[in-house]
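K.L.:
below is the sequence, then the predicted model.
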There are 2 protein chains.
Amino acid sequence: MQKTIRIVIIEDDQILQHAYKQLIEDECGFQVVSCYSSFDAAEKKLVNDDPGIILLDIELPGTNGVQAIPLIKKLVPKAMVIMLTVYEIEEQIFAALANGASGYLTKDVSSAKIIEAIYDARAGGGPMSKKIASIVIKSFQKNTDSPLSKRETEIIKMISEGKKRNEIADELFIELETVKTHIKNIYSKLNVNSRSDALKVVKKNRLI
Amino acid sequence: MQKTIRIVIIEDDQILQHAYKQLIEDECGFQVVSCYSSFDAAEKKLVNDDPGIILLDIELPGTNGVQAIPLIKKLVPKAMVIMLTVYEIEEQIFAALANGASGYLTKDVSSAKIIEAIYDARAGGGPMSKKIASIVIKSFQKNTDSPLSKRETEIIKMISEGKKRNEIADELFIELETVKTHIKNIYSKLNVNSRSDALKVVKKNRLI
DNA sequence: TCTGAAATACCCCTTCCGGGGGTATTTTTC
DNA sequence: GAAAAATACCCCCGGAAGGGGTATTTCAGA
């Protein structure tokens, strides 16, 4: 028999908290072991709850959801954290994922999608609502109209990897002086005069 | 009335090509305007086809799918490219997305999912199959057991941004000498002795 | 409560890197 | 055949980078 999935909900809106619990308990194989209104309230009891999945709101009193993720991971490392939030702020999404969230849903998703996300997460998937998927994909896309030539792009990328001019020269089988010329041209095109400023521009405009 | 979605399929497997065409044409509002077995065959005719969506295989004779994306984007900039491929190779996924693909499906998805992905793409979403979503999310996750302290992580991150030691000192309101000490400790913990090597280790192990 | 890690700061030293001023040739590409 | 890209060389200077030490304070965990 399939092992029951133990679920914990951390959500400060009592109505939503109750709605999620109700929704999930109507599904076979799912068990909402605890609900909390804040991470701080959950902290002491989480280990005992031994959850496989945690539904986590971002806007919480006290420790917010993003901050809570690493703490949760420390307490119950094998638990998968699914963010469930109204906001679609890029920094928040990436911060949550970087901190170890396994999925990210906006609260406008249907009940069925929430259930699906729980199954997904358990199966090692990465459940995301459509808007989030779109934001995530956009974050990968490079700018197509770069002022930099192919070689220049190659070189600024190597600079972003912390490589020195002579290392770049060696790797590209060109002279140090040529690399210097390229870097000068890059700086001139980007209107900067240092590595850090160049990287700032390049990252902001997704040129690499 | 809704504008018809013009679709182009670039897929070298004739059977699959035909299957996709059939599948899509059975759906209302979708129109497969052309099918090609390679990008090279499609190149000249693409502008005339004026597609809104392109289903693109990766393994193609001649120009491969990943290389084809930027060329397609140049010919028909407003077309959304959805990758449709058997492989789930990380580098290929990220390269495709970086090159401008709007979605990425593995060929094991159901017909319904393909149709859904087309609608999604058109609506500005980022259609992905579950496995891809999982890989993408994992790519964001940082390593949780870093040998580096909080401050050290902060500093190596600034180094990754091309910042000089005195810039780091200024930004963190600490002395240059302190920054030097931190960097020494970072190098020692990572067993390296240069910025580029440190960044190599740090990126490989997702420490930032 | 105490121990160790983290964060802070300072000294010494040498090497060679980074950025800016030029100019010029060859190869691509449209 | 003109324009852009890629290549290569000269000059200069300041200070950044990396390695050798040592030492203090703060703070979390056992």
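P.N.:
Looks like it came in fine.

K.L.:
now the lengthiest helix in chain A: mean pLDDT?
P.N.:
Of all segments of type helix in chain A, defined using DSSP state H, the longest is helix A:176-190. Confidence over helix A:176-190, taken as the mean pLDDT, stands at 97.

K.L.:
all strands of chain A, in order?
P.N.:
For chain A, the strands identified by DSSP state E occupy A:5-10, A:30-36, A:53-56, A:80-85, A:103-106, in order along the chain.

K.L.:
so which of those strands is the most surrounded?
P.N.:
Mean neighbour counts were compared across the strands of chain A using mean count of other C-beta atoms under 10 Å in any protein chain shown; the top stretch is strand A:53-56, at a mean of 27. All C-beta atoms are positioned from the backbone trio N, CA, C, and that covers glycine.

K.L.:
for that one, which helices and strands make contact with it?
P.N.:
With contacts taken as 3 or more C-beta pairs under 8 Å, 6 or more residues apart in numbering or on different chains; DSSP states H and E, strand A:53-56 sits against strand A:5-10, helix A:65-75, strand A:80-85, helix A:111-122.

K.L.:
select, out of those, the one closest to DNA strand C.
P.N.:
Between DNA strand C and these, the shortest gap by C-beta to the nearest atom of the strand is with helix A:65-75, which sits at 14.8 Å.

K.L.:
could you pull out the buried residues of the closest one?
P.N.:
Of the residues in helix A:65-75, those buried by neighbour count under the rule 16 or more other C-beta atoms under 10 Å in any protein chain shown are A:65-66, A:68-69, A:72-73, A:75.

K.L.:
out of those, which comes closest to A:G103?
P.N.:
For those, the residue nearest A:G103 by C-beta to C-beta is A:I69; the value is 11.7 Å.

K.L.:
would a markdown table of the strands of chain A with distance to B:L55 and mean pLDDT be doable?
P.N.:
Compiled in a markdown table, those are given as follows (distance: least, C-beta to C-beta, whole Å; pLDDT from 0 to 100):
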| stretch | distance to B:L55 | mean pLDDT |
| --- | --- | --- |
| strand A:5-10 | 36 | 93 |
| strand A:30-36 | 36 | 92 |
| strand A:53-56 | 34 | 96 |
| strand A:80-85 | 31 | 94 |
| strand A:103-106 | 27 | 95 |
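
K.L.:
start to end distance for stretch A:40-50?
P.N.:
End-to-end distance for stretch A:40-50: 17 Å, by C-alpha to C-alpha, to the nearest Å.

K.L.:
how about stretch A:82-95?
P.N.:
In terms of C-alpha to C-alpha, the two terminal residues of stretch A:82-95 are separated by 13 Å.

K.L.:
nearest spatial neighbour of the most centrally placed residue in chain A, skipping sequence neighbours?
P.N.:
Averaging the C-alpha coordinates of chain A gives a centre point, and the residue nearest to it by C-alpha atoms, centre = their mean is A:L97 (2.4 Å). Across the structure, with C-beta to C-beta, 6 or more residues apart in numbering or on different chains as the measure, the residue nearest A:L97 apart from its sequence neighbours is B:F140 (3.7 Å).

K.L.:
which residues touch the residue of chain A found nearest DNA strand C?
P.N.:
Using C-beta to the nearest atom of the strand, the closest approach of chain A to DNA strand C is made by A:N193 at 2.5 Å. In this structure, A:N193 makes contact with A:Y187, judged by C-beta atoms under 8 Å, 6 or more residues apart in numbering or on different chains.

K.L.:
what parts of chain A come near DNA strand C?
P.N.:
Near DNA strand C, the residues belonging to chain A are A:164-166, A:180-181, A:183-184, A:187, A:193-195 when assessed by C-beta under 7 Å from any atom of the strand.

K.L.:
quick one: which of these is nearest chain B?
P.N.:
Proximity of the residues of chain A next to DNA strand C to chain B was ranked by C-beta to the nearest C-beta; the top entry is A:R195 with 4.0 Å.

K.L.:
number of residues surrounding the residue lying closest to that closest one once chain neighbours are set aside?
P.N.:
Counting by C-beta to C-beta, 6+ apart, A:R195 lies nearest to B:G162, which is 4.0 Å off, once chain neighbours are set aside. B:G162 sits with 22 neighbouring residues when counted by other C-beta atoms under 10 Å in any protein chain shown.

K.L.:
same check, this time on A:G125
P.N.:
For A:G125, the number of neighbouring residues by other C-beta under 10 Å comes to 22.

K.L.:
any idea what sits nearest it, other than its immediate chain neighbours?
P.N.:
For A:G125, the spatially nearest residue (C-beta to C-beta, 6+ apart) is B:K130, at 4.4 Å.

K.L.:
quick one: pLDDT of that neighbour?
P.N.:
On pLDDT, B:K130 comes in at 93.

K.L.:
which ones are touching it?
P.N.:
For B:K130, counting by C-beta under 8 Å, 6+ apart, the contacting residues are A:120, A:123, A:125-126.

K.L.:
hmm, which two among those residues are most spread apart?
P.N.:
Every pair in the contacts of B:K130 was compared (C-beta to C-beta); the two farthest apart turn out to be A:A123 and A:G126, at 10.2 Å.
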